[in-house]
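> this one's structure only:
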């Protein structure tokens, strides 16, 4: 073919073949045909992502253990945490919706955080975790389904709907969900899949296991 | 607009027999490792495709299902509220109107946009994209690419009402004073959101640009057609 494929990128939105150019830190390469962002240069991506992920893990635990909201109507109180809400929906016979809510707000964010730690911690210690390709594929598939930020807006709408009929007691988890929303966004911006693949390439070039080709 | 794009067009990967991996982005030669039918990326071993297989057909199937389920999603109640004073069943729209009448205009607008406008916008936008791709249209590719990006961006926000119902149904369970239950409309509505999300994932935006390139290169067009 006469060209060296690794130095080219194909735009994922319009398939234009482009020559890779080095970027300044914080820079983004954009396709000159359709304007899709191609790749980014994120300085210290591994360290930053790890820091954000670990903080997010702490907030995730708090957000799921403690109650999000409580209400009081004529002296009677009721409070719920997220898992309690999912369970009460299940008990009302709304199995599908209960599963959908559980997946998008509890399981998938947990899976995202767990895979991030599994992926990045060994790479920071100059080791290669097994199954990187599989993990990256899983991350790609589940990415659109983590909806903590939408849930956060849902909490705010619920607050407004309840404010006339009852006294609202904000729970600890309400604040940690707010923090978790911001941190998950920070993880998404600091995480750079290209860095992972480059680490993988470097390690396999200097080391041993390269099975393909 | 069209002339500007033509001038910028360089070779595209599929014309040169190259595939880019959708997991790791590596561009590799489609002829490599061609012993089996399934081609895999040499770096991450994901399956390689020139274009997402059957993208248009799958996308249509998902969208048509979503159109059908969109009707019960809007007609059936998604929330049933009961207290000793009154009992009401709310569909999505009546919930928005109720919010508006109680003076929460901001929140009413947010719910209206997320639950009514966004699903409808997604369905119409994807229908438009699919029709234009099937007709191999070269009409405003840049705007259609932007439209697709917008569909991807806003899709998830329609889950808003599902979360509101979940929270209210769990919280407002104060024996005889007040209870909230999720209605069957919530199932239909959730299905619409999930189906349209799958549909927008299945759509391959590269199909928007393909007719443009192939038209400007008649030899290639003739060779493949």
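Arrived safely. None of these values were measured; they are calculated from a predicted model.
> every contact and neighbour count from this point should use C-alpha atoms.
Will do.
> quick one: stretch B:73-82 to chain centroid distance?
Distance of stretch B:73-82 from the chain centroid (CA atoms, centre = their mean, to the nearest Å) equals 24 Å.
> and it, does that touch chain A?
No - figure legend: stretch B:73-82 not in contact with chain A (CA under 8 Å from any CA of the partner chain); closest approach 11.2 Å.
> which other residues reach that stretch?
Residues from elsewhere that reach stretch B:73-82 (CA atoms under 8 Å, 6 or more residues apart in numbering or on different chains): B:87-93, B:165, B:178-189, B:192.
> swap the cut-off to 6 Å and go again
The contact list for stretch B:73-82 (CA atoms under 6 Å, 6 or more residues apart in numbering or on different chains) reads B:87-91, B:178-186, B:188-189.
> got it, and stretch A:56-75?
Contacts for stretch A:56-75 (CA under 6 Å, 6+ apart): A:77-82, A:166-171, A:173-174, A:176-177, A:180, A:183.
> list only buried entries from these.
A:77-82, A:166, A:168-169, A:171, A:173-174, A:176-177, A:180, A:183 (16 or more other CA atoms under 10 Å in any protein chain shown).
> pull up the distance across stretch A:28-36, start to finish.
10 Å (CA to CA, to the nearest Å).
> what separates it from the chain centre, distance-wise?
24 Å.
> tell me the buried residues in that stretch?
A:29, A:31, A:33, A:34, A:36.
> of the contacts of stretch B:73-82, which belong to strands?
Among the contacts of stretch B:73-82, the members falling in strands (DSSP state E) are B:87, B:88, B:89, B:90, B:178, B:179, B:180, B:181, B:182.
> weed out the non-buried ones from the contacts of stretch B:73-82.
Applying 16+ other CA under 10 Å to those flags B:89-91, B:178-186, B:188-189 as buried.
> so which one among these has the lowest pLDDT?
Ranked by pLDDT, these bottom out at residue B:178, which has 80.
> please tell me how far it sits from residue B:118.
Where residue B:118 is concerned, residue B:178 sits at a distance of 31 Å (CA to CA).
> low-confidence ranges in chain A?
Within chain A, the stretches with pLDDT under 70 are A:1-6, A:203-213.
> strands of that one, residue ranges please.
A:8-10, A:17-19, A:28-30, A:37-40, A:69-73, A:76-80, A:167-170.
> closest to the centroid, which residue in chain B?
residue B:200 (3.1 Å; CA atoms, centre = their mean).
> quick check: which element contains that one?
Taking DSSP states H and E as the definition, one finds residue B:200 inside helix B:184-202.
> quick check: mean pLDDT across stretch B:118-138?
93.
> give the buried residues for it.
Neighbour-count burial for stretch B:118-138 [16+ other CA under 10 Å]: B:118-123, B:125-127, B:129-130, B:132-133, B:136-138.
> could you do stretch A:82-93 as well?
Within stretch A:82-93, judged by 16+ other CA under 10 Å, the buried ones are A:82, A:83, A:84, A:85, A:86, A:87, A:88, A:89.
> that one near chain B at all?
Yes - applying CA under 6 Å from any CA of the partner chain, one finds stretch A:82-93 touching chain B at A:85, A:88.
> which stretches of chain B have low pLDDT?
B:1-9, B:30-37, B:175-176, B:214-225.
> pop the domain breakdown of it in here.
B:1-50, B:54-224 (automatic domain parsing).
> hang on, the earlier thing: which of the buried residues of stretch A:82-93 sits closest to chain B?
Taking CA to the nearest CA as the measure, chain B sits nearest to residue A:85 out of the buried residues of stretch A:82-93, at 4.9 Å.
> OK, contacts around the closest one?
residue B:170.
> cutoff 7 Å now
Residue A:85 makes contacts with B:166, B:167, B:170, as judged by CA atoms under 7 Å, 6 or more residues apart in numbering or on different chains.
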